[in-house]
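Peer 1: have a look; sequence and predicted model below, questions after that.
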Amino acid sequence: MVDKSLNQQTYDRLKKEIMTFVLSPGEPISAAKIAERYQVSRTPAREAIVKLESEGLIDIYPQSKSVVSKINIARANQEWFVRRSLELGMVDSFFDNVTQEDIDEMKSYAHQLAVIGGSHMSPEEAYEYLRHDNMFHMVTYRVAKEHLAAEIISNMMVHYNRIRLLMDLDDNNKNRTVSDHACLIECVEKNDREGYRAYLIRHLGHIISDIEIMGKVKPELFENNI
């Protein structure tokens, strides 16, 4: 039996390199290439490709080729709609159950965002920045006991998250994210759920203009559906 941890490691490495654009959208990819790149057999390489195809990060053309998917704007907008709907829908449950310990955890993730984003980020650092941003929001999912929603958000936001990562590489947008999170925490501490809801709508709404900006700055990374 193939070592499951090796399968997971191969998947994690491949996903990270796609998300950080080390492997460019449109670049051909194969089990042989991945096996050689990571010094593994073709079995974990194939499984990683199949799993990432199901998540929308790889396009497989049977009997032809597989390529790293370009960012699909229609898919990114749908992913954003799902996240916005779920996260706004749990505001009341979150406020009904949040504790000081939860707030302190949010502050910890916000602090890490400020530290990581304190200087110009490499793609690797931007990936960590995005991870801490996601963990900040995952506190609300856990507190609201919306575990299925958290699983959906963790696994299905790949096109949306690649746009977020591109924006995080811009120093101006890092400051925007850090400021938004500080405002969200302040609302939780004041038990101001309507203020929190308003800030959350604004925070999540940045992606609309972000898509337009990135589509113009990096058109080669996108499908022709902007």
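Peer 2: Everything's here; your move.
Peer 1: which SSE is the residue nearest in space to the middle of the chain in?
Peer 2: Within the chain, the residue whose C-alpha comes closest to the C-alpha centroid is Asn161; the distance, by C-alpha atoms, centre = their mean, is 3.5 Å. Asn161 belongs to helix 158-168 when elements are defined using DSSP states H and E.
Peer 1: just checking, what packs against that helix?
Peer 2: Secondary structure elements in contact with helix 158-168, counted by 3 or more C-beta pairs under 8 Å, 6 or more residues apart in numbering; DSSP states H and E, are helix 4-19, helix 73-89, helix 123-143, helix 171-189, helix 193-217. Backbone N, C-alpha and C define where each C-beta goes, glycine included.
Peer 1: in JSON lines: those, plus mean neighbour count and distance to Tyr38.
Peer 2: Shown next, in JSON lines, are those (neighbours: other C-beta atoms under 10 Å; distance: least, C-beta to C-beta, whole Å):
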{"stretch": "helix 4-19", "mean neighbour count": "17", "distance to Tyr38": "6"}
{"stretch": "helix 73-89", "mean neighbour count": "17", "distance to Tyr38": "27"}
{"stretch": "helix 123-143", "mean neighbour count": "19", "distance to Tyr38": "16"}
{"stretch": "helix 171-189", "mean neighbour count": "17", "distance to Tyr38": "30"}
{"stretch": "helix 193-217", "mean neighbour count": "15", "distance to Tyr38": "29"}
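Peer 1: export those to a markdown table and tack on mean pLDDT and distance to Ile103?
Peer 2: Listed next are the helices and strands packed on helix 158-168 as a markdown table, based on pLDDT from 0 to 100; distance: least, C-beta to C-beta, whole Å:
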| stretch | mean pLDDT | distance to Ile103 |
| --- | --- | --- |
| helix 4-19 | 91 | 29 |
| helix 73-89 | 95 | 17 |
| helix 123-143 | 93 | 9 |
| helix 171-189 | 89 | 6 |
| helix 193-217 | 92 | 12 |
